[in-house]
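**Q** predicted model and sequence below, questions to follow.
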Amino acid sequence: MSIRKYQLETDRTTHLPGRLIFVSTSLYEGDWKSIRHTHPFVELFYVKSGSGSFLVENQSFPINKDELIIINPNVEHTEVSNEDSPLEYITLGIEDFQFSFSHKGEYLALKDKNVTKNLGIYFSSILKEVERNAPGCELICQNFLEILTLLLMRQTNSAFELIPVKNTTRECSRIKRYIDSNYQDDITLDSLAEMAHLNKYYFVHAFTKFYGQSPIQYLTTRRLKTSRDLLETSDYTISEIAQLSGFSSPSYFAQCFRKNCGMTALTYRNRSRSKNENSLSKQKE
């Protein structure tokens, strides 16, 4: 008789960051439109059957059965199903961490069937658990998620690291919404960091990671969008538009507008009006 025994160092066992917050399954039946969207949590997207395309970060690539896409928080994406081979997929939503990919992008597409087919077992197991909703369902699903994450790390040869965010994603999303609604106010980096209850430098890093711009850059972008809309649709003076858009002075507005749009605000207005007039003339013809 041969016996082998392996001692596990249980005192070193730690749980991975991340909490499973939802499981969903979808089958395309010609009854939904593919709309780009974002959400403040990680999404794991596993193709159970069918084929189509996946759109993310202004890129599009084909997806097929047993392929897996990992999408970080607040990254715009959507899927498009082929009519003759309808997509069926399972998605997992995970909060409190994000992936730091070695290629520095915000998503990872895994297409090696030797890797992904075995991982699909855990997606199906999690789905079956939530459908049964038996006692202990949440704990079992959370444990499946940890196994799935560890296997992802192992089988992709550490193509990413896990970064605990401790609700930073939610806070950054809240600050973004605040900027969208209050861009006309006197907003500073210090006031935003205080509102987020985060260290200023960590806040800038986290916000930039999620949105590709620092908080102040995003604020300027939002103000410039408003100014362009007003230049195209209103008769306000340039100085009035600068104030209505939230810029501290007309000169600072002029500087930002020229830098970002490559022309003065007046030139932009004249070109927009000329373009609209030409368009109306063609419609009348």
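**A** Arrived safely, thanks for sending. These numbers come from a predicted model, not from an experiment. Residues are numbered from 1 along each chain as shown.

**Q** show me where this structure has its helices.
**A** Per DSSP state H, the chain carries helices over the ranges 113-132, 137-155, 168-182, 189-196, 200-211, 215-233, 238-244, 250-261, 265-284.

**Q** closest to residue 22 out of the ones you listed?
**A** For those, the distance to residue 22 is smallest for helix 113-132, at 8.8 Å, taking Cβ to Cβ. From N, CA and C alone the C-beta is placed, and that goes for glycine too.

**Q** render the CA-only coordinates of the closest one in PDB, please.
**A** Taking only C-alpha atoms (Å, rounded to 0.1, in the frame of the first residue of the first chain), the coordinates of helix 113-132 have been written out as PDB:
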ATOM      1  CA  LYS A 113     -10.300  27.100 -25.800                       C
ATOM      2  CA  ASN A 114      -7.900  24.900 -23.900                       C
ATOM      3  CA  VAL A 115      -8.000  27.600 -21.200                       C
ATOM      4  CA  THR A 116     -11.500  28.900 -21.300                       C
ATOM      5  CA  LYS A 117     -13.500  25.700 -21.800                       C
ATOM      6  CA  ASN A 118     -12.600  24.500 -18.300                       C
ATOM      7  CA  LEU A 119     -13.300  27.900 -16.800                       C
ATOM      8  CA  GLY A 120     -16.800  27.800 -18.300                       C
ATOM      9  CA  ILE A 121     -17.600  25.000 -15.800                       C
ATOM     10  CA  TYR A 122     -17.400  27.500 -12.900                       C
ATOM     11  CA  PHE A 123     -19.700  30.000 -14.700                       C
ATOM     12  CA  SER A 124     -22.300  27.300 -15.200                       C
ATOM     13  CA  SER A 125     -21.800  26.100 -11.600                       C
ATOM     14  CA  ILE A 126     -22.400  29.600 -10.200                       C
ATOM     15  CA  LEU A 127     -25.500  30.000 -12.400                       C
ATOM     16  CA  LYS A 128     -26.900  26.700 -11.200                       C
ATOM     17  CA  GLU A 129     -26.400  27.700  -7.600                       C
ATOM     18  CA  VAL A 130     -28.200  31.000  -7.900                       C
ATOM     19  CA  GLU A 131     -31.000  29.400  -9.800                       C
ATOM     20  CA  ARG A 132     -31.500  26.800  -7.000                       C
END
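
**Q** for that helix, packing partners?
**A** Counting contacts by 3 or more Cβ pairs under 8 Å, 6 or more residues apart in numbering; DSSP states H and E, helix 113-132 packs against strand 19-27, strand 42-49, strand 68-71, strand 88-95, helix 137-155.

**Q** including mean pLDDT and distance to residue 236, could these go into TSV?
**A** As requested, these are arranged in TSV below (pLDDT from 0 to 100; distance: least, Cβ to Cβ, whole Å):
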stretch	mean pLDDT	distance to residue 236
strand 19-27	91	44
strand 42-49	94	42
strand 68-71	94	40
strand 88-95	92	42
helix 137-155	91	53
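
**Q** looking at the ones you listed, which is buried most?
**A** With neighbours defined as mean count of other Cβ atoms under 10 Å, the helices and strands packed on helix 113-132 peak in mean count at strand 68-71, which reaches a mean of 24.

**Q** next one: that strand to chain centre, how far?
**A** Mean-position distance between strand 68-71 and its chain equals 12 Å (Cα atoms, centre = their mean, to the nearest Å).

**Q** neighbouring strands for it, and are they parallel or not?
**A** When sheet partners are counted by DSSP bridges, strand 68-71 sits next to strand 42-49 (antiparallel), strand 107-110 (antiparallel).

**Q** could those strands go into JSON lines alongside distance to residue 72?
**A** Output for the strands paired with strand 68-71, formatted as JSON lines (distance: least, Cβ to Cβ, whole Å):
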{"stretch": "strand 42-49", "distance to residue 72": "6"}
{"stretch": "strand 107-110", "distance to residue 72": "6"}
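
**Q** among these, which is nearest residue 59?
**A** Closest to residue 59 of those, according to Cβ to Cβ: strand 107-110, at 8.9 Å.

**Q** cool, thanks, talk later.
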